[in-house]
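K.L.:
Sequence and predicted structure, then a few things I'm wondering about:
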Amino acid sequence: MPTLDDKHWFTEVEDVAGSAFSLLIRRKLHEERSDYQTIEVYETEHFGNLMVIDGFTMLSSRENFLYHEMLAHPVLLTHPAPKRVCIIGGGDCGTLREVLKHDSVEQAMQIDIDERVTRIAEQFFPELTASNDDPRAELLFSDGIQWMADAEPGSLDVIIVDSTDPVGPAQGLFTADFYTDCRRALADDGLLVQQSESPLFHLDIITSMHQDLRSAGFGAVRTLFFPQAIYPSGWWSATMAATGEAIPDFRRIDAGAALDTTYYNADIHAAALAQPQFVRRHLAAQD
């Protein structure tokens, strides 16, 4: 359980892994209970503002670029011509901001069930919501699972699932039924990517995602790895799936300049595709 002690350290404990992560806090800026969850914002000593949902760290001003860039740019530079993009979740709008850096994108829809996350981000993380007025952006506040079930077949090029952990409202985003709806909504050369937790602590979740994505009709599945300072273990992943039989080679561009990124570039993309040996063995054993 998360704690805030009398010395102003916010600590998120990962009980199963016997691990914890702490940030030194100056003060609490905001707290509210929305219709779906408890949202808090803290001012930290060294990481800028920190958003916490139901006691779990979501993002900070200092390091959120790692997650948002790696969720958006690898998949968009793997698809040959991404025009119609859907983000499920992502209420802080950081992933949407990165998606809209791609000139090929003509429409970017963000579907998050809790509007309050976006409104709080506008107040305390305005750098993440700076692209919300882009005419290509459409913000919808509804159930992403139902939205995907109702989506027109073949209407999307890329689906990005920017979800919280697979508990509570987000649990349904990690199921074969949801992936089946995503597969139907994607065009023939479509791609899906979803945050897939820590390879060190949650390898069972990654394995289940691979199995469920394949059973839902995706022809190829690949997990990418990247650092994420404030999440359990400090090491995170995103899993990409293709409607075709193979995930295409990515387009190597000087993304650091062309897309104004902080972390992502072509070399980082190539490195993220490398499979750690223990992950490779584990996934192979499940095939």
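P.N.:
That came through, no problem.

K.L.:
Show which residues not belonging to the biggest strand by length in the chain make contact with it.
P.N.:
In the chain, taking DSSP state E as the definition, the longest strand is strand 19-33. Strand 19-33 is contacted from outside by 4, 8-14, 38-47, 49-50, 57, 60, 116, 120, 123-124, 201, 230-234, using CB atoms under 8 Å, 6 or more residues apart in numbering. Just so you know, the C-beta spots here come from the backbone N, C-alpha and C atoms, and that holds for glycine as well.

K.L.:
Name only those of those residues that count as buried.
P.N.:
4, 10, 12-14, 39-44, 47, 49-50, 57, 60, 116, 120, 124, 201, 230-233 (16 or more other CB atoms under 10 Å).

K.L.:
and the residues you listed, which of them are in strands?
P.N.:
Checking the buried ones among the contacts of strand 19-33 against DSSP E, those in strands are 4, 10, 12-14, 39-44, 49-50, 57, 60.

K.L.:
what number of residues lie near the residue nearest to S61 when sequence neighbours are not counted?
P.N.:
Leaving aside its sequence neighbours, S61 sits nearest to G48 (CB to CB, 6 or more residues apart in numbering; 2.5 Å). When neighbours are defined as other CB atoms under 10 Å, G48 has 17 of them.

K.L.:
Now M70, what are its backbone angles?
P.N.:
Recorded main-chain torsions at M70 are phi -80, psi -20, according to degrees, to the nearest 10.

K.L.:
For stretch 23-40, list the C-alpha coordinates in PDB.
P.N.:
These are the backbone C-alpha positions of stretch 23-40, laid out as PDB (Å, rounded to 0.1, in the frame of the first residue of the first chain):
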ATOM      1  CA  LEU A  23       9.700  10.300  -3.900                       C
ATOM      2  CA  LEU A  24      10.400  13.200  -1.500                       C
ATOM      3  CA  ILE A  25       7.300  15.500  -1.400                       C
ATOM      4  CA  ARG A  26       7.100  19.200  -0.800                       C
ATOM      5  CA  ARG A  27       3.300  19.400  -0.500                       C
ATOM      6  CA  LYS A  28       0.000  18.000  -1.800                       C
ATOM      7  CA  LEU A  29      -1.500  20.200  -4.500                       C
ATOM      8  CA  HIS A  30      -4.800  18.500  -5.100                       C
ATOM      9  CA  GLU A  31      -6.900  15.500  -4.100                       C
ATOM     10  CA  GLU A  32     -10.400  14.500  -5.300                       C
ATOM     11  CA  ARG A  33     -12.600  11.400  -5.700                       C
ATOM     12  CA  SER A  34     -14.000  11.200  -9.200                       C
ATOM     13  CA  ASP A  35     -16.800   8.900 -10.200                       C
ATOM     14  CA  TYR A  36     -14.200   6.200 -10.800                       C
ATOM     15  CA  GLN A  37     -11.000   6.700  -8.700                       C
ATOM     16  CA  THR A  38      -9.100   8.900  -6.300                       C
ATOM     17  CA  ILE A  39      -6.700  11.300  -8.000                       C
ATOM     18  CA  GLU A  40      -3.900  13.100  -6.200                       C
END
